[in-house]
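Student: What follows is a predicted protein model with its sequence.
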Amino acid sequence: MTPETMSESSIPEENRTPRNNSPEPAPKTQASGSSGGSPEQQPRFATTGGVTPSKPGQKADDPSTESESGVLYLGIDLGTSRTAIAGSNGGRSSVPSVVGYPKDVVAKKLLGRDILFGDDAFKKRLSLDFYRPLEHGVIKYSDGDDKASEKAENNRRAAADLVQEAIRMANPRSDELIYAVIGCPAQASLTNQKALIDAAKAVVDSVMICSEPFAVAYGLNRLDDVLVIDIGAGTTDLCRMKGTLPDAEDQLTLNLGGDSIDNLLTELIKKKCPGSQFTINMVKEIKERHSFVNQSQDPIKVELPVEGKPTLFEITDEVREACRSIIPPIVDAIRKLISTFDPEFQTVLKNNVLLGGGGSQIKGLATALQNEMIEKLGEGTVVAVEEPVYAGANGALQVAHDMPPSYWEKMK
Amino acid sequence: MMRNSLASTLLRLVRERAQGASLKTLRKEGVEKVTVLDAAKLQELVEQAVQQTLLKRGIELGDGERDAFLAEAAEKVKDLMHERDSYKERTQSLTEEKHNLAERLAQEEQTQESLKHEIEHRDQTLQAERQSHTESLQKERQVFEAKISEVTEALDHERIKLASQIDVLKRDLESTRDELVSQRASQADRQEREIELEQQVELLAKSNAENAAATAQSASSPLAEATDSTPVADEEADYLSDPATDLPQRLREAILELIQARADRQDTQLSEEFLGDMNSLADGIVNISVGILNDLRRHALSQARSAQKKRIENLERRLDKLKGNLVTAEGLLEAAQSQPLDDSGVPSMYRSAQGLKGDEQGYESKKKLLEEVFNQNVLLRGLIQEGGASDT
Ligand SMILES: Nc1ncnc2c1ncn2[C@@H]1O[C@H](COP(=O)(O)OP(=O)(O)OP(=O)(O)O)[C@@H](O)[C@H]1O
Ligand SMILES: [Mg+2]
């Protein structure tokens, strides 16, 4: 089959531009539209996390909320492994979703802080009460029987602190109105959502929550007949869009993703390199550097200590096998979502698969998924989003920007 | 037998060193005729040569001697041939060595060449790297410069704000100062008047003394006594000693006139005694009245003075406070200037709230979706407020 012309909003991962984390990326715009945008389309989605500046002469839906000091929009993507934020001040940052509090007074004095985030927290975790507040896209222990327990409370507090840290990272001015949209996993519970809203409300003027795959699709202006796949750390979320807000039956969550690849790769390396010593983190690093799924590949060689002595091992096949492990279940899930879709539009949906999330950075994954779809489902076109780490945050930012001001007023 | 051995030795040696060549090859090389020596002939030639040499030197040898000699000669020839052989071998090995050396030289030259190439190549890559480095540095610098100019702008803004605040404070301070100055001026005015009053008191005191001296000459009048006993040392001016008002005198005269008038109307002749009594009565009334008036006046004056003092104190306090404010403001300004990046934040690109634009592609469907998102949030807030936040 001939690959469908891709909208410029998403290019195959092989051509993906490198991620750009500089504080002030050169503004580049890209046109995007549902199923192949026309060339004269207005560029309206800025990959820099900015949203289209208002053109003079154009009026917002509700001009009553004119403000002297400015309005800052924020889009936040709260992920299991990484929290990302994009702001209408051009700011974009991300931090690993881990939070630590000094265990005791001594630790506090030594660390000189009451709370640590991300890599900082990870490095000092031995002297910290250490939390990864999100698991499978929701705050840990916050559902079910445990939800009133102390650990649930602690995890909620950590999640709240994380949201506030993300907002701080956007470097807002204290004199501006702040409107934030938090992209939150579709299956997040009420208790979770309340915790996030409370945390955000403490530092912003108005906050709304929206489903994360919806935010991704909205940000890429692909709201009709598109299947969004978000390969995260703990889960892979699939969501089909049909011009309305997705509901439960439009979504599927698989308990696999970056973490499951790490676990499998650990087993495979243990077998291939007997006597070698390594941690799951080292495996994750190896994966993030070398991940691939296609056939031809330069051999992957890594140095692992054997009884303290660095020893070179070749693990090309192991990396490939681990990375490929997610392909069959994902295609299976795609099949499920497509088979329950309006038959008339099944073909369109198959040929509009958007791949995002940190896991979509595996080299050749879009092509491999596409091949597997063609083999199992007869056809398929898969493209990877340009900026997997910021796709959710950018989308949430666009939702925040487009939300009528009167709605924001009512949410205060 | 000896001869044979010589011959065979020679033959062997020659054979060993002879190069085999077919006649054909020789012909090809242009050789037409070949002199062929057989071993016997060779031996004969050698023997002849030896004998002739010996004969020339006058040495005649017997058969046995000759044979021994020939054998010796054959040995010698053999040795010489060997020597020649070893020389040849050495030459050959030297030549080989030379060849090897030449080859190695060539190799070295090649390595050098390729090294040169590599160096050139590395130079080029280095240069390219340096260039890209410089470029990225330049880019970084641009970003940095943009940031600095942004910060500078924000700082300028802040500075202007503070300066205007300071201006307001200064103006406030100045007006307070003006007020204070005018207050002080009016105070000075009063003081001047007080000084004047004091001078008048002094004058009065003097005239009183003169009066007293005069009355003392005629009679010891109670008024004079009373006047004398009236303390004028008080720093406050009093009516008794105020020559401008001459109040006591007029009061006394008025009382006496009143009594006289009454007596006149009733046609009563007033006795000297009665008049004396009336005089001392008048003196008493005058004294009491003046005392009361003086008290009232003193009281009023001191009240006015303390009110004045309070006002001045108030003004001074206000001035101090304003001065303090000015110092704080200046401190703040200084702090703001020395810490330009402190908590400034990056401003949004929007001055006002935005919202979906009507000409946006897919406006209608997006509007609907955003409304749905909003409604879900309203619902969520409702559920949360219901308090339950209990999960579904
Ligand atoms: N180059 C890479 N190749 C393969 N995997 C990668 C690469 N870079 C990051 N990852 C993996 O992506 C995962 C994180 O993805 P992402 O940031 O989208 O997760 P998340 O949004 O925090 O998780 P979730 O969506 O489950 O809440 C991690 O497992 C990480 O190891
Ligand atoms: Mg995610």
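Tutor: Yes, it's here. Nothing here was measured: the structure is a model prediction, and the numbers come from that model. Residues are numbered from 1 along each chain as shown, chains lettered A, B, ... in the order given. Ligands and ions are numbered 1, 2, ... in the order given.

Student: For the rest of this, base every contact and every neighbour count on C-alpha atoms.
Tutor: OK.

Student: Looking at the stretch 51-200 of chain B, which residue is nearest chain A?
Tutor: In the stretch 51-200 of chain B, the residue that lies nearest chain A is B:Val143 (7.2 Å; Cα to the nearest Cα).

Student: secondary structure class for that residue?
Tutor: Using DSSP: H, G, I helix; E, B strand; the rest coil, the structure places B:Val143 in helix.

Student: Can you check what pLDDT the model gives the spatially most distant residue from the centre of chain B?
Tutor: Distance to the chain centre peaks in chain B at B:Gly62, reaching 122.0 Å (criterion: Cα atoms, centre = their mean). B:Gly62 is assigned a pLDDT of 74 by the prediction.

Student: for residue 270, what are its contacts?
Tutor: Answering for chain A, as no chain was given. A:Lys270 makes contacts with A:Ser276, as judged by Cα atoms under 8 Å, 6 or more residues apart in numbering or on different chains.

Student: oops, I was thinking of chain B
Tutor: So B:Leu270 contacts B:Ala263 (Cα under 8 Å, 6+ apart).

Student: Just say helix, strand or coil for it.
Tutor: Secondary structure, three-state DSSP: B:Leu270 is coil.

Student: Please report phi then psi for it.
Tutor: Here is the backbone geometry of B:Leu270 (degrees, to the nearest 10): phi -90, psi 130.

Student: Output the longest strand belonging to chain A.
Tutor: For chain A, the longest strand by residue count, based on DSSP state E, is strand A:66-78.

Student: So which bits of that strand are buried?
Tutor: Residues of strand A:66-78 classed as buried by neighbour count (16 or more other Cα atoms under 10 Å in any protein chain shown): A:Ser69, A:Gly70, A:Val71, A:Leu72, A:Tyr73, A:Leu74, A:Gly75, A:Ile76, A:Asp77, A:Leu78.

Student: is the next helix or strand after it up against ligand 2 anywhere?
Tutor: Toward the C-terminus, strand A:66-78 is succeeded by strand A:82-87 as the next helix or strand (DSSP states H and E). No - on the criterion Cα under 5 Å from the ion, strand A:82-87 is out of touch with ligand 2, staying 7.4 Å away.

Student: Adjacent strands (with direction) for strand A:82-87?
Tutor: Strand A:82-87 pairs in its sheet with strand A:66-78 (antiparallel), strand A:92-96 (antiparallel), by DSSP bridges.

Student: Can you tell me how far A:Lys124 is from ligand 2?
Tutor: Distance, A:Lys124 to ligand 2, by Cα to the ion, to the nearest Å: 25 Å.

Student: who's in contact with that residue?
Tutor: By Cα under 8 Å, 6+ apart, the contact set of A:Lys124 is empty.

Student: where does chain A dip in pLDDT?
Tutor: The model of chain A has pLDDT under 70 over residues A:1-68, A:135-148, A:186-188.

Student: Pull the number of nearby residues for B:Gly64.
Tutor: By the measure other Cα atoms under 10 Å in any protein chain shown, the count of residues near B:Gly64 is 10.

Student: Tell me how many other residues surround A:Cys210.
Tutor: As a burial measure, A:Cys210 scores 24 neighbours (other Cα under 10 Å).

Student: Surely it is in contact with A:Leu196?
Tutor: No - counting by Cα atoms under 8 Å, A:Cys210 does not reach A:Leu196; the two are 11.7 Å apart.

Student: And for the residue of the stretch 51-200 of chain B closest to chain A, the neighbour number?
Tutor: Around B:Val143 there are 17 other residues, counting by other Cα under 10 Å.

Student: do the same with B:Ser186
Tutor: Per other Cα under 10 Å, the neighbour tally for B:Ser186 reads 13.

Student: if I look at it, how far off is B:Lys41?
Tutor: As judged by Cα to Cα, to the nearest Å, B:Ser186 and B:Lys41 stand 165 Å apart.

Student: What are the boundaries of the helices in the stretch 251-400 of chain A?
Tutor: Secondary structure of the stretch 251-400 of chain A (DSSP state H, counting those that start in this stretch): helices located at A:258-272, A:280-290, A:316-324, A:327-339, A:346-350, A:365-377, A:391-402.

Student: Which among the ones you listed is found nearest to A:Asn155?
Tutor: Closest to A:Asn155 of those, according to Cα to Cα: helix A:258-272, at 20.1 Å.

Student: Report the inter-axis angle for the closest one versus helix A:316-324.
Tutor: 150 degrees (axes from the mean of the first three to the mean of the last three Cα atoms, to 10 degrees).

Student: from the middle of its chain, how far away would helix A:258-272 be?
Tutor: Distance of helix A:258-272 from the chain centroid (Cα atoms, centre = their mean, to the nearest Å) equals 23 Å.

Student: is that helix anywhere near ligand 2?
Tutor: No - under the criterion of Cα under 5 Å from the ion, ligand 2 is not reached by helix A:258-272; the shortest gap measures 10.9 Å.

Student: SS state for the closest residue to B:Thr176 other than its chain neighbours?
Tutor: Leaving aside its chain neighbours, B:Thr176 sits nearest to B:Leu319 (6.8 Å; criterion: Cα to Cα, 6 or more residues apart in numbering or on different chains). Classification of B:Leu319 by three-state DSSP places it in helix.

Student: shouldn't B:Leu319 be in contact with B:Glu174?
Tutor: No - at 9.3 Å, B:Leu319 and B:Glu174 do not qualify as touching, with contact defined as Cα under 8 Å.

Student: got a list of what the residue of the stretch 251-392 of chain B found nearest ligand 2 touches?
Tutor: In the stretch 251-392 of chain B, the residue that lies nearest ligand 2 is B:Val373 (19.3 Å; Cα to the ion). By Cα under 8 Å, 6+ apart, the contact list for B:Val373 reads A:Ile209, A:Cys210, A:Leu245.

Student: one more time with 7 Å
Tutor: Applying Cα atoms under 7 Å, 6 or more residues apart in numbering or on different chains to B:Val373 gives the contacts A:Cys210.

Student: what's the following helix or strand after the single longest helix found in chain A?
Tutor: Across chain A, the longest stretch assigned as helix under DSSP state H is helix A:150-169. Downstream of helix A:150-169, the first helix or strand assigned by DSSP H and E is strand A:177-184.

Student: Enumerate the residues of the stretch 301-412 of chain A near ligand 1.
Tutor: Remark: the part of the stretch 301-412 of chain A in contact with ligand 1 comprises A:Gly357, A:Gly358, A:Gly359, A:Gln361, A:Ile362, A:Val389, using Cα under 6 Å from any ligand atom.

Student: Tell me how many other residues crowd the fifth one.
Tutor: It refers to A:Ile362. Using other Cα under 10 Å, the number of residues around A:Ile362 comes to 22.

Student: Could I get the phi/psi values of it?
Tutor: In terms of degrees, to the nearest 10, the main-chain angles of A:Ile362 are phi -60, psi 130.

Student: Quick check: it touching A:Phe292?
Tutor: Yes - the pair A:Ile362 / A:Phe292 is scored as a contact, 5.2 Å apart, by Cα atoms under 7 Å.

Student: can you tell me the distance between the two ends of stretch A:375-395?
Tutor: Start-to-end span of stretch A:375-395 (Cα to Cα) is 32 Å.

Student: which of the residues in it are buried?
Tutor: Buried residues in stretch A:375-395 (16+ other Cα under 10 Å): A:377, A:379-395.

Student: Please apply the same query to stretch A:157-171.
Tutor: Under the neighbour-count criterion of 16+ other Cα under 10 Å, stretch A:157-171 has A:157-167, A:169-171 buried.
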